[in-house]
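> Predicted model, plus sequence, below.
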There are 2 protein chains.
Amino acid sequence: MARDTRERLMEAGLVLFSRKGLAGTTVSDIEARAGLRAGSGSFYRHFASKDALFEVVVRRELDRYRATIRDAEPDSPREPREPGVADAKVALALEFHQTLTTLDQLGRLETIISRDARAMGTLFDEVESLYNAALDASTHRLDQLMKAGQIPRRDPQALAEMIRSTLIGYHLNTQSFRRSPRRVSPADLIATLIDLIS
Amino acid sequence: MARDTRERLMEAGLVLFSRKGLAGTTVSDIEARAGLRAGSGSFYRHFASKDALFEVVVRRELDRYRATIRDAEPDSPREPREPGVADAKVALALEFHQTLTTLDQLGRLETIISRDARAMGTLFDEVESLYNAALDASTHRLDQLMKAGQIPRRDPQALAEMIRSTLIGYHLNTQSFRRSPRRVSPADLIATLIDLIS
DNA sequence: GTCTATACGAAGATAGAC
DNA sequence: GTCTATCTTCGTATAGAC
(Lines give C-alpha, C1' and ligand atoms only; values in the text may rest on other atoms or scores of the structure.)
Protein backbone atom coordinates (compact mmCIF):
# COMPACT_ATOMS: atom_id res chain seq x y z
CA MET A 1 0.00 0.00 0.00
CA ALA A 2 2.26 2.75 -1.23
CA ARG A 3 -0.19 5.64 -1.39
CA ASP A 4 -2.59 6.37 1.39
CA THR A 5 -6.08 5.02 1.37
CA ARG A 6 -7.91 8.21 0.42
CA GLU A 7 -5.76 8.39 -2.68
CA ARG A 8 -6.41 4.76 -3.57
CA LEU A 9 -10.14 5.24 -3.13
CA MET A 10 -10.10 8.15 -5.57
CA GLU A 11 -8.12 6.19 -8.11
CA ALA A 12 -10.46 3.21 -7.73
CA GLY A 13 -13.46 5.47 -8.09
CA LEU A 14 -12.10 7.04 -11.25
CA VAL A 15 -11.57 3.69 -12.91
CA LEU A 16 -14.85 2.18 -11.82
CA PHE A 17 -17.01 5.22 -12.56
CA SER A 18 -15.60 5.37 -16.08
CA ARG A 19 -16.13 1.66 -16.56
CA LYS A 20 -19.52 1.06 -15.04
CA GLY A 21 -20.94 4.48 -14.37
CA LEU A 22 -21.95 6.05 -11.10
CA ALA A 23 -25.08 3.97 -10.58
CA GLY A 24 -23.34 0.79 -11.69
CA THR A 25 -20.52 1.15 -9.20
CA THR A 26 -21.06 0.08 -5.60
CA VAL A 27 -19.17 1.31 -2.58
CA SER A 28 -18.12 -2.29 -2.01
CA ASP A 29 -16.58 -2.38 -5.49
CA ILE A 30 -14.60 0.72 -4.67
CA GLU A 31 -13.45 -0.64 -1.34
CA ALA A 32 -12.34 -3.90 -2.90
CA ARG A 33 -10.37 -2.15 -5.62
CA ALA A 34 -8.72 0.10 -3.07
CA GLY A 35 -7.54 -2.90 -1.07
CA LEU A 36 -10.15 -2.61 1.65
CA ARG A 37 -12.53 -5.31 2.69
CA ALA A 38 -15.63 -5.12 0.50
CA GLY A 39 -18.70 -4.45 2.57
CA SER A 40 -16.82 -3.01 5.51
CA GLY A 41 -17.83 0.61 5.76
CA SER A 42 -14.18 1.67 5.78
CA PHE A 43 -14.90 3.82 2.77
CA TYR A 44 -16.94 6.16 4.93
CA ARG A 45 -13.98 7.07 7.11
CA HIS A 46 -12.65 8.89 4.04
CA PHE A 47 -15.69 10.13 2.15
CA ALA A 48 -19.17 11.07 3.29
CA SER A 49 -20.90 9.23 0.46
CA LYS A 50 -20.47 7.74 -2.97
CA ASP A 51 -21.70 10.96 -4.55
CA ALA A 52 -19.13 12.94 -2.60
CA LEU A 53 -16.35 10.77 -3.98
CA PHE A 54 -17.75 11.16 -7.46
CA GLU A 55 -17.61 14.92 -7.26
CA VAL A 56 -14.08 14.96 -5.87
CA VAL A 57 -12.85 12.58 -8.55
CA VAL A 58 -14.42 14.51 -11.41
CA ARG A 59 -13.15 17.81 -10.10
CA ARG A 60 -9.63 16.51 -9.85
CA GLU A 61 -9.66 15.14 -13.38
CA LEU A 62 -11.00 18.46 -14.57
CA ASP A 63 -8.09 20.25 -12.91
CA ARG A 64 -5.68 17.82 -14.51
CA TYR A 65 -7.31 18.59 -17.84
CA ARG A 66 -6.79 22.30 -17.34
CA ALA A 67 -3.17 21.73 -16.35
CA THR A 68 -2.53 19.58 -19.41
CA ILE A 69 -3.95 22.26 -21.66
CA ARG A 70 -1.92 24.97 -19.97
CA ASP A 71 1.26 22.97 -20.36
CA ALA A 72 0.58 22.18 -23.97
CA GLU A 73 -0.01 25.81 -24.76
CA PRO A 74 2.76 28.15 -23.55
CA ASP A 75 1.51 31.60 -22.59
CA SER A 76 3.11 33.42 -25.50
CA PRO A 77 1.33 32.60 -28.73
CA ARG A 78 4.52 31.65 -30.49
CA GLU A 79 4.34 33.22 -33.89
CA PRO A 80 7.13 31.82 -35.99
CA ARG A 81 8.76 34.59 -37.92
CA GLU A 82 8.70 34.16 -41.69
CA PRO A 83 7.42 30.66 -41.48
CA GLY A 84 7.22 28.48 -44.52
CA VAL A 85 4.23 26.37 -45.44
CA ALA A 86 6.07 23.29 -44.22
CA ASP A 87 6.35 24.85 -40.78
CA ALA A 88 2.62 25.35 -40.66
CA LYS A 89 2.03 21.73 -41.53
CA VAL A 90 4.40 20.52 -38.88
CA ALA A 91 2.86 22.80 -36.28
CA LEU A 92 -0.62 21.59 -37.13
CA ALA A 93 0.46 17.97 -37.04
CA LEU A 94 1.97 18.45 -33.62
CA GLU A 95 -1.11 20.22 -32.39
CA PHE A 96 -3.45 17.50 -33.61
CA HIS A 97 -1.25 14.83 -32.15
CA GLN A 98 -1.22 16.69 -28.85
CA THR A 99 -5.00 16.84 -28.86
CA LEU A 100 -5.27 13.10 -29.40
CA THR A 101 -2.79 12.46 -26.61
CA THR A 102 -4.74 14.69 -24.27
CA LEU A 103 -7.95 12.91 -25.16
CA ASP A 104 -6.25 9.62 -24.42
CA GLN A 105 -4.99 10.77 -21.06
CA LEU A 106 -8.32 12.28 -20.20
CA GLY A 107 -10.19 9.33 -21.60
CA ARG A 108 -11.67 8.43 -18.25
CA LEU A 109 -13.11 11.87 -17.68
CA GLU A 110 -14.40 11.81 -21.23
CA THR A 111 -16.14 8.53 -20.58
CA ILE A 112 -17.58 9.71 -17.29
CA ILE A 113 -18.94 12.81 -18.96
CA SER A 114 -20.62 10.91 -21.74
CA ARG A 115 -22.06 8.50 -19.20
CA ASP A 116 -23.06 10.57 -16.21
CA ALA A 117 -23.23 14.14 -17.45
CA ARG A 118 -26.45 14.64 -15.54
CA ALA A 119 -24.88 13.60 -12.25
CA MET A 120 -22.08 16.12 -12.67
CA GLY A 121 -24.20 19.15 -11.89
CA THR A 122 -22.36 22.45 -12.25
CA LEU A 123 -19.12 20.66 -13.10
CA PHE A 124 -20.64 19.95 -16.45
CA ASP A 125 -20.76 23.64 -17.27
CA GLU A 126 -17.06 23.92 -16.48
CA VAL A 127 -16.29 21.13 -18.89
CA GLU A 128 -18.34 22.79 -21.56
CA SER A 129 -16.66 26.17 -21.18
CA LEU A 130 -13.26 24.49 -21.20
CA TYR A 131 -14.23 22.74 -24.39
CA ASN A 132 -15.41 25.97 -25.99
CA ALA A 133 -12.23 27.76 -24.96
CA ALA A 134 -10.15 25.12 -26.69
CA LEU A 135 -12.31 25.48 -29.77
CA ASP A 136 -11.92 29.26 -29.79
CA ALA A 137 -8.16 28.96 -29.47
CA SER A 138 -8.07 26.58 -32.40
CA THR A 139 -10.23 28.91 -34.48
CA HIS A 140 -7.92 31.81 -33.70
CA ARG A 141 -4.84 29.85 -34.67
CA LEU A 142 -6.34 28.72 -37.96
CA ASP A 143 -7.41 32.27 -38.71
CA GLN A 144 -3.85 33.47 -38.22
CA LEU A 145 -2.49 30.76 -40.47
CA MET A 146 -4.96 31.80 -43.16
CA LYS A 147 -4.07 35.46 -42.85
CA ALA A 148 -0.42 34.55 -43.10
CA GLY A 149 -1.23 32.71 -46.29
CA GLN A 150 0.05 29.41 -44.97
CA ILE A 151 -3.18 27.56 -45.52
CA PRO A 152 -6.00 28.32 -47.95
CA ARG A 153 -8.68 30.70 -46.73
CA ARG A 154 -11.90 29.14 -45.45
CA ASP A 155 -14.39 29.72 -42.67
CA PRO A 156 -12.05 29.29 -39.68
CA GLN A 157 -14.83 28.51 -37.22
CA ALA A 158 -16.33 25.78 -39.34
CA LEU A 159 -12.87 24.40 -39.99
CA ALA A 160 -11.98 24.39 -36.30
CA GLU A 161 -15.21 22.64 -35.42
CA MET A 162 -14.63 20.11 -38.15
CA ILE A 163 -11.12 19.32 -36.98
CA ARG A 164 -12.18 18.98 -33.37
CA SER A 165 -15.10 16.75 -34.36
CA THR A 166 -12.75 14.57 -36.31
CA LEU A 167 -10.30 14.12 -33.49
CA ILE A 168 -12.96 13.48 -30.86
CA GLY A 169 -14.88 11.17 -33.16
CA TYR A 170 -11.75 9.19 -33.93
CA HIS A 171 -10.88 8.98 -30.28
CA LEU A 172 -14.32 7.79 -29.21
CA ASN A 173 -14.49 5.28 -32.04
CA THR A 174 -11.21 3.66 -31.17
CA GLN A 175 -12.39 3.61 -27.56
CA SER A 176 -15.70 1.89 -28.20
CA PHE A 177 -14.58 -0.45 -30.93
CA ARG A 178 -11.07 -1.36 -30.00
CA ARG A 179 -10.16 -3.06 -33.24
CA SER A 180 -6.93 -4.87 -32.50
CA PRO A 181 -5.03 -3.99 -35.66
CA ARG A 182 -6.36 -0.50 -36.03
CA ARG A 183 -7.16 0.01 -39.64
CA VAL A 184 -6.22 3.65 -39.68
CA SER A 185 -3.55 4.80 -37.27
CA PRO A 186 -3.59 8.20 -35.58
CA ALA A 187 -0.66 9.17 -37.79
CA ASP A 188 -2.62 8.27 -40.92
CA LEU A 189 -5.61 10.22 -39.72
CA ILE A 190 -3.57 13.31 -38.93
CA ALA A 191 -1.70 13.08 -42.22
CA THR A 192 -4.98 12.97 -44.11
CA LEU A 193 -6.33 15.88 -42.13
CA ILE A 194 -3.25 18.02 -42.76
CA ASP A 195 -3.25 17.07 -46.41
CA LEU A 196 -6.83 18.22 -46.77
CA ILE A 197 -6.37 21.48 -44.93
CA SER A 198 -3.30 22.71 -46.73
CA MET B 1 -53.34 4.91 -23.90
CA ALA B 2 -53.23 4.50 -27.63
CA ARG B 3 -50.63 1.77 -27.96
CA ASP B 4 -50.71 -1.29 -25.81
CA THR B 5 -48.74 -1.51 -22.64
CA ARG B 6 -45.95 -3.72 -23.87
CA GLU B 7 -45.24 -1.16 -26.54
CA ARG B 8 -45.26 1.72 -24.08
CA LEU B 9 -42.90 -0.15 -21.77
CA MET B 10 -40.42 -0.61 -24.59
CA GLU B 11 -40.60 3.03 -25.54
CA ALA B 12 -40.16 4.08 -21.91
CA GLY B 13 -37.22 1.71 -21.55
CA LEU B 14 -35.54 3.10 -24.64
CA VAL B 15 -35.76 6.66 -23.39
CA LEU B 16 -34.74 5.91 -19.83
CA PHE B 17 -31.88 3.53 -20.69
CA SER B 18 -30.41 6.15 -22.99
CA ARG B 19 -30.83 8.85 -20.35
CA LYS B 20 -29.76 7.15 -17.18
CA GLY B 21 -28.24 3.88 -18.24
CA LEU B 22 -29.31 0.35 -17.43
CA ALA B 23 -28.19 0.40 -13.81
CA GLY B 24 -29.54 3.90 -13.28
CA THR B 25 -33.01 3.01 -14.46
CA THR B 26 -35.41 1.26 -12.09
CA VAL B 27 -38.36 -0.84 -13.04
CA SER B 28 -40.50 1.65 -11.15
CA ASP B 29 -39.21 4.45 -13.39
CA ILE B 30 -40.18 2.45 -16.41
CA GLU B 31 -43.63 1.67 -15.05
CA ALA B 32 -44.26 5.31 -14.22
CA ARG B 33 -43.22 6.48 -17.66
CA ALA B 34 -45.39 3.87 -19.30
CA GLY B 35 -48.41 5.09 -17.35
CA LEU B 36 -48.44 2.26 -14.85
CA ARG B 37 -48.34 2.68 -11.13
CA ALA B 38 -44.73 2.87 -10.01
CA GLY B 39 -43.86 0.07 -7.68
CA SER B 40 -46.70 -2.15 -8.76
CA GLY B 41 -45.13 -5.15 -10.38
CA SER B 42 -47.29 -4.70 -13.47
CA PHE B 43 -44.13 -4.52 -15.54
CA TYR B 44 -43.55 -8.21 -14.93
CA ARG B 45 -46.74 -9.21 -16.68
CA HIS B 46 -45.01 -8.09 -19.88
CA PHE B 47 -41.33 -8.79 -19.40
CA ALA B 48 -39.48 -11.32 -17.31
CA SER B 49 -36.95 -8.83 -16.00
CA LYS B 50 -35.34 -5.47 -16.58
CA ASP B 51 -32.48 -7.13 -18.44
CA ALA B 52 -34.96 -8.88 -20.71
CA LEU B 53 -36.52 -5.55 -21.64
CA PHE B 54 -33.09 -4.09 -22.25
CA GLU B 55 -32.20 -6.78 -24.72
CA VAL B 56 -35.50 -6.51 -26.56
CA VAL B 57 -35.21 -2.74 -26.79
CA VAL B 58 -31.64 -2.78 -28.05
CA ARG B 59 -32.37 -5.47 -30.58
CA ARG B 60 -35.31 -3.56 -31.97
CA GLU B 61 -33.29 -0.36 -32.34
CA LEU B 62 -30.59 -2.34 -34.04
CA ASP B 63 -33.11 -3.70 -36.53
CA ARG B 64 -34.38 -0.18 -37.15
CA TYR B 65 -30.82 0.88 -37.77
CA ARG B 66 -30.37 -1.84 -40.36
CA ALA B 67 -33.63 -0.90 -42.03
CA THR B 68 -32.64 2.76 -42.18
CA ILE B 69 -29.34 1.87 -43.79
CA ARG B 70 -31.01 -0.42 -46.30
CA ASP B 71 -33.50 2.27 -47.25
CA ALA B 72 -30.84 4.93 -47.59
CA GLU B 73 -28.76 2.75 -49.85
CA PRO B 74 -30.69 1.30 -52.80
CA ASP B 75 -29.43 -2.09 -53.81
CA SER B 76 -27.95 -1.01 -57.13
CA PRO B 77 -24.79 1.02 -56.61
CA ARG B 78 -26.01 3.89 -58.77
CA GLU B 79 -23.09 4.91 -60.94
CA PRO B 80 -23.96 8.15 -62.64
CA ARG B 81 -22.84 8.00 -66.25
CA GLU B 82 -20.40 10.69 -67.29
CA PRO B 83 -20.80 12.55 -64.05
CA GLY B 84 -19.30 15.98 -63.58
CA VAL B 85 -17.40 17.10 -60.54
CA ALA B 86 -20.47 19.00 -59.34
CA ASP B 87 -22.44 15.77 -59.32
CA ALA B 88 -19.86 14.17 -57.10
CA LYS B 89 -20.05 17.06 -54.66
CA VAL B 90 -23.81 16.92 -54.52
CA ALA B 91 -23.78 13.17 -54.05
CA LEU B 92 -21.28 13.43 -51.22
CA ALA B 93 -23.22 16.22 -49.53
CA LEU B 94 -26.39 14.15 -49.67
CA GLU B 95 -24.56 11.14 -48.31
CA PHE B 96 -23.06 13.05 -45.40
CA HIS B 97 -26.37 14.64 -44.61
CA GLN B 98 -28.00 11.24 -44.64
CA THR B 99 -25.42 9.93 -42.21
CA LEU B 100 -26.07 12.77 -39.78
CA THR B 101 -29.81 12.21 -40.03
CA THR B 102 -29.37 8.52 -39.34
CA LEU B 103 -27.18 9.28 -36.35
CA ASP B 104 -29.85 11.63 -35.05
CA GLN B 105 -32.60 9.08 -35.43
CA LEU B 106 -30.48 6.40 -33.88
CA GLY B 107 -29.17 8.75 -31.21
CA ARG B 108 -30.68 6.75 -28.40
CA LEU B 109 -29.08 3.50 -29.49
CA GLU B 110 -25.82 5.37 -29.92
CA THR B 111 -26.07 6.65 -26.35
CA ILE B 112 -26.98 3.26 -24.97
CA ILE B 113 -24.00 1.74 -26.71
CA SER B 114 -21.56 4.28 -25.36
CA ARG B 115 -23.05 3.81 -21.90
CA ASP B 116 -23.75 0.13 -21.51
CA ALA B 117 -21.71 -1.58 -24.19
CA ARG B 118 -20.69 -4.23 -21.68
CA ALA B 119 -24.28 -5.08 -20.87
CA MET B 120 -25.11 -5.62 -24.53
CA GLY B 121 -23.30 -8.91 -24.84
CA THR B 122 -23.27 -10.32 -28.35
CA LEU B 123 -25.42 -7.45 -29.61
CA PHE B 124 -22.35 -5.30 -29.35
CA ASP B 125 -20.58 -7.37 -31.99
CA GLU B 126 -23.51 -6.86 -34.33
CA VAL B 127 -23.26 -3.12 -33.90
CA GLU B 128 -19.56 -3.22 -34.56
CA SER B 129 -19.88 -5.23 -37.74
CA LEU B 130 -22.65 -2.95 -38.93
CA TYR B 131 -20.39 -0.01 -38.30
CA ASN B 132 -17.53 -1.59 -40.18
CA ALA B 133 -19.76 -2.45 -43.11
CA ALA B 134 -20.80 1.19 -43.40
CA LEU B 135 -17.17 2.21 -43.29
CA ASP B 136 -16.21 -0.24 -46.01
CA ALA B 137 -19.04 0.98 -48.22
CA SER B 138 -17.87 4.54 -47.79
CA THR B 139 -14.30 3.58 -48.60
CA HIS B 140 -15.42 1.83 -51.74
CA ARG B 141 -17.46 4.83 -52.88
CA LEU B 142 -14.60 7.23 -52.32
CA ASP B 143 -12.27 4.93 -54.17
CA GLN B 144 -14.59 4.94 -57.16
CA LEU B 145 -14.83 8.71 -57.13
CA MET B 146 -11.04 8.91 -57.12
CA LYS B 147 -10.70 6.47 -59.96
CA ALA B 148 -13.26 8.46 -61.93
CA GLY B 149 -11.15 11.53 -61.33
CA GLN B 150 -13.93 13.37 -59.56
CA ILE B 151 -12.00 13.96 -56.38
CA PRO B 152 -8.24 14.07 -55.87
CA ARG B 153 -6.52 10.78 -55.18
CA ARG B 154 -5.74 9.99 -51.55
CA ASP B 155 -5.76 6.98 -49.27
CA PRO B 156 -9.46 6.10 -49.50
CA GLN B 157 -9.50 4.16 -46.26
CA ALA B 158 -7.94 6.94 -44.22
CA LEU B 159 -10.27 9.42 -45.86
CA ALA B 160 -13.34 7.33 -45.14
CA GLU B 161 -12.33 6.90 -41.53
CA MET B 162 -11.70 10.61 -41.25
CA ILE B 163 -15.08 11.53 -42.67
CA ARG B 164 -16.88 9.09 -40.44
CA SER B 165 -14.99 10.31 -37.40
CA THR B 166 -15.95 13.85 -38.23
CA LEU B 167 -19.64 13.11 -38.58
CA ILE B 168 -19.80 11.00 -35.44
CA GLY B 169 -17.73 13.47 -33.46
CA TYR B 170 -19.94 16.32 -34.55
CA HIS B 171 -23.04 14.38 -33.70
CA LEU B 172 -21.84 13.41 -30.23
CA ASN B 173 -20.65 16.91 -29.50
CA THR B 174 -23.94 18.51 -30.34
CA GLN B 175 -25.58 15.82 -28.24
CA SER B 176 -23.49 16.37 -25.13
CA PHE B 177 -23.19 20.12 -25.34
CA ARG B 178 -26.45 21.25 -26.79
CA ARG B 179 -25.42 24.84 -27.46
CA SER B 180 -28.66 26.64 -28.19
CA PRO B 181 -27.54 28.68 -31.16
CA ARG B 182 -25.28 26.10 -32.64
CA ARG B 183 -22.15 27.84 -33.74
CA VAL B 184 -21.58 25.66 -36.74
CA SER B 185 -24.60 24.15 -38.41
CA PRO B 186 -24.63 20.70 -39.98
CA ALA B 187 -24.78 22.39 -43.37
CA ASP B 188 -21.66 24.42 -42.58
CA LEU B 189 -19.85 21.35 -41.43
CA ILE B 190 -20.76 19.37 -44.50
CA ALA B 191 -19.87 22.25 -46.80
CA THR B 192 -16.45 22.50 -45.19
CA LEU B 193 -15.94 18.78 -45.48
CA ILE B 194 -16.88 18.71 -49.15
CA ASP B 195 -14.75 21.74 -49.84
CA LEU B 196 -11.74 20.02 -48.31
CA ILE B 197 -12.23 16.72 -50.08
CA SER B 198 -12.66 18.04 -53.58
C1' DG C 1 -54.15 -6.52 -17.05
C1' DT C 2 -53.48 -3.50 -13.15
C1' DC C 3 -53.65 -2.98 -8.57
C1' DT C 4 -52.07 -3.72 -3.16
C1' DA C 5 -49.18 -6.03 -0.40
C1' DT C 6 -45.13 -8.20 0.55
C1' DA C 7 -40.95 -11.21 0.44
C1' DC C 8 -36.17 -10.94 -0.55
C1' DG C 9 -31.78 -9.35 -1.52
C1' DA C 10 -28.47 -5.76 -2.60
C1' DA C 11 -26.45 -1.55 -1.51
C1' DG C 12 -25.84 2.75 1.33
C1' DA C 13 -24.56 4.03 5.59
C1' DT C 14 -23.53 3.83 10.90
C1' DA C 15 -21.84 1.88 15.60
C1' DG C 16 -18.48 0.17 18.13
C1' DA C 17 -14.53 -3.29 18.98
C1' DC C 18 -9.72 -3.64 18.08
C1' DG D 1 -7.81 3.31 10.25
C1' DT D 2 -9.85 -1.19 9.37
C1' DC D 3 -12.62 -4.55 10.83
C1' DT D 4 -17.42 -7.10 12.19
C1' DA D 5 -21.97 -6.37 12.80
C1' DT D 6 -26.03 -4.14 11.99
C1' DC D 7 -29.63 -0.81 10.47
C1' DT D 8 -32.15 1.07 6.77
C1' DT D 9 -33.47 2.07 2.34
C1' DC D 10 -34.40 0.86 -2.06
C1' DG D 11 -35.06 -2.07 -5.98
C1' DT D 12 -36.28 -6.63 -7.94
C1' DA D 13 -39.61 -9.75 -8.16
C1' DT D 14 -43.86 -12.56 -6.69
C1' DA D 15 -48.68 -13.55 -4.79
C1' DG D 16 -53.18 -12.81 -4.94
C1' DA D 17 -57.41 -9.64 -5.01
C1' DC D 18 -60.19 -7.15 -8.27
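Nice, I can see it. Numbers count the residues shown, from 1 in each chain, chains lettered A, B, ... in the order given.

> Not counting its neighbours along the chain, what's nearest residue A:172?
Spatial nearest neighbour of residue A:172, excluding adjacent residues (C-beta to C-beta, 6 or more residues apart in numbering or on different chains): residue B:172 at 6.4 Å. (C-beta placed from N, C-alpha, C; glycine too.)

> gap between the strand or helix carrying that neighbour and the chain center?
Residue B:172 belongs to helix B:156-176 when assigned by DSSP states H and E. In terms of C-alpha atoms, centre = their mean, to the nearest Å, the centre of helix B:156-176 is found 12 Å from the chain centre.

> ok, residues contacting the next helix or strand after it?
Of the helices and strands lying after helix B:156-176 in sequence (DSSP H and E), the nearest is helix B:186-197. Around helix B:186-197, the neighbours that count as contacts under C-beta atoms under 8 Å, 6 or more residues apart in numbering or on different chains are A:154-155, A:158-159, A:161-162, A:165, A:196-197, B:89, B:92-93, B:96-97, B:100, B:151, B:159, B:163, B:166, B:170.

> Next, the contact list for residue A:51, please.
Shown in contact with residue A:51 (C-beta under 8 Å, 6+ apart): A:22, A:119.

> any idea how far residue A:153 is from it?
Applying C-beta to C-beta, to the nearest Å, the value for residue A:51 to residue A:153 is 50 Å.

> same deal with residue A:121?
Going from residue A:121 to residue A:153 by C-beta to C-beta gives 42 Å.

> cool, and residue A:34?
Distance from residue A:34 to residue A:153, counting by C-beta to C-beta: 54 Å.

> most remote residue from chain A's center?
Most distant from the centre of chain A: residue A:40, at 34.2 Å, with distances by C-alpha atoms, centre = their mean.

> OK, contacts around the residue nearest to it when sequence neighbours are not counted?
Distances taken as C-beta to C-beta, 6+ apart put residue A:31 closest to residue A:40, at 6.6 Å, once the chain neighbours are dropped. Under the criterion of C-beta under 8 Å, 6+ apart, the contact list for residue A:31 reads A:9, A:37, A:38, A:39, A:40, A:42, A:43.

> So which residues of chain A form helices?
A:5-24, A:27-33, A:50-72, A:85-105, A:107-116, A:123-147, A:156-176, A:186-197 (DSSP state H).

> hang on, residue A:88 packs against residue A:198?
Yes. If you go by C-beta atoms under 8 Å, residue A:88 and residue A:198 touch, sitting 7.0 Å apart.

> The residue of chain A found nearest DNA strand C and residue A:9, how far apart?
Closest contact between chain A and DNA strand C, by C-beta to the nearest atom of the strand, is at residue A:41 (2.2 Å). As defined by C-beta to C-beta, residue A:41 lies at a distance of 13 Å from residue A:9.

> Noted, bye for now.
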